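>>> Okay, predicted coordinates and the sequence, questions at the end:
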Amino acid sequence: MDSLLKFLNEYQGLISATVGAIGVIVSPIVAFKVMRRTLTQQAEQFSIQRKDEERRHNESLAKQQEQNRIYALPFFVLNKSGIKPYIDEHRLLVFHITLTNKGNGTAIHLRADIKEDSDNSNTLTMYESPVACYKYHFPFSVSGAVVQPGDTSSFEMSCEFTCDDDYIADEVRFAVLFSDMYFNEYKQEFTFLFQKKKSGNATVEIMDNYSSRDPTLQH
């Protein structure tokens, strides 16, 4: 023990200097590691915060865009007075259809949803039922049309019966395509019922069963 105390007393200065030198070397290393860990944690927190802000911004933007889309949505209405049947010079039953834009937004490029196209025909098939074929006529009175809220647009649909019954009642289904001012594409479907007696004084009666479905967004 005395030898150890004597050694410490004799070399106290050297030991202190050695410890001090080690402290000078070790302290910056420890400080660098602490600083590096702190910067890494801050970077991770910043990345999480930035992603969260981007997510909230995208959600807010998507919500605003959806609100704008709904506000600018055209909505066409078919009513009984907008269905005018008549017999043309070829004894063909024709329906003059008028649609009214009751929505908030303007519709552009309003056109018929057709089923087939033929280079040798001036008509396009819109709908086929078990008793008749309904065709959309040229010229396209609604093609490229701009229909503002409250305005109307019309087209004509011919009916070619495929059965020989004297009395016929049928449900007609058709659809139109259009875009809003944000160039969102929509499809809207309509139905109406009519009855017709072929023989004698041929009459066509539009029934009260007619509907205008909600426009559906096309993707």
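That came through fine.
>>> Count the residues that sit near Met126.
By the criterion of other C-beta atoms under 10 Å, Met126 has 22 neighbours. C-beta coordinates here come from the backbone N, C-alpha and C atoms, glycine included.
>>> Same question for Leu78.
So Leu78, with other C-beta under 10 Å, has 22 neighbours.
>>> wait, what's in contact with it?
Counting by C-beta atoms under 8 Å, 6 or more residues apart in numbering, Leu78 touches 97, 99, 190, 192, 210-212.
>>> what's the lowest-pLDDT member of the residues you listed?
Within the set of the contacts of Leu78, pLDDT is lowest for Tyr210 (87).
>>> Counting neighbours, which bits of the helix or strand hosting it end up buried?
Using DSSP states H and E, the element containing Tyr210 is strand 203-212. Within strand 203-212, the residues that qualify as buried by neighbour count (16 or more other C-beta atoms under 10 Å) are 204, 206, 210, 212.
>>> And the contacts of that strand?
By C-beta under 8 Å, 6+ apart, strand 203-212 touches 75-80, 83, 85, 93, 171, 188, 190-197.
>>> So what are the sheet partners of that strand and their directions?
Using DSSP bridges, strand 203-212 pairs in its sheet with strand 185-197 (antiparallel).
>>> how close does Val147 get to Asn68?
Distance of Val147 to Asn68, computed by C-beta to C-beta, to the nearest Å: 19 Å.
>>> brain fart, Ser158
According to C-beta to C-beta, Ser158 and Asn68 sit 39 Å apart.
>>> These two - which one has more neighbours?
Counted by other C-beta under 10 Å, Ser158 and Asn68 do not tie: Ser158 has more neighbours, with 18 against 15.
>>> Correct me if wrong: the more buried one contacts Met126.
No - counting by C-beta atoms under 8 Å, Ser158 sits too far from Met126 to count as a contact (9.6 Å).
>>> Mind checking the pLDDT average for the host helix or strand of Glu171?
Counting by DSSP H and E, the element that carries Glu171 is strand 167-179. In this model, strand 167-179 carries a mean pLDDT of 92.
>>> Between strand 203-212 and that strand, find me the angle.
40 degrees (axes from the mean of the first three to the mean of the last three C-alpha atoms, to 10 degrees).
>>> Could I get the buried residue list for strand 167-179?
Under the neighbour-count criterion of 16+ other C-beta under 10 Å, strand 167-179 has 168, 170, 172, 174-179 buried.
>>> List every C-alpha atom in stretch 36-54, with coordinates, as CSV.
Extracted C-alpha coordinates of stretch 36-54, given in CSV (Å, rounded to 0.1, in the frame of the first residue of the first chain):
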residue,chain,number,x,y,z
ARG,A,36,-25.0,13.1,-35.0
ARG,A,37,-27.7,11.3,-33.1
THR,A,38,-29.5,14.5,-32.6
LEU,A,39,-29.3,15.6,-36.2
THR,A,40,-30.6,12.1,-37.3
GLN,A,41,-33.6,12.4,-35.0
GLN,A,42,-34.3,15.9,-36.2
ALA,A,43,-34.1,14.7,-39.8
GLU,A,44,-36.5,11.9,-39.1
GLN,A,45,-38.9,14.2,-37.3
PHE,A,46,-38.7,16.7,-40.2
SER,A,47,-39.4,13.9,-42.8
ILE,A,48,-42.4,12.7,-40.8
GLN,A,49,-43.7,16.3,-40.4
ARG,A,50,-43.2,17.0,-44.1
LYS,A,51,-45.0,13.8,-45.2
ASP,A,52,-47.8,14.6,-42.8
GLU,A,53,-48.1,18.2,-44.2
GLU,A,54,-48.1,16.9,-47.8
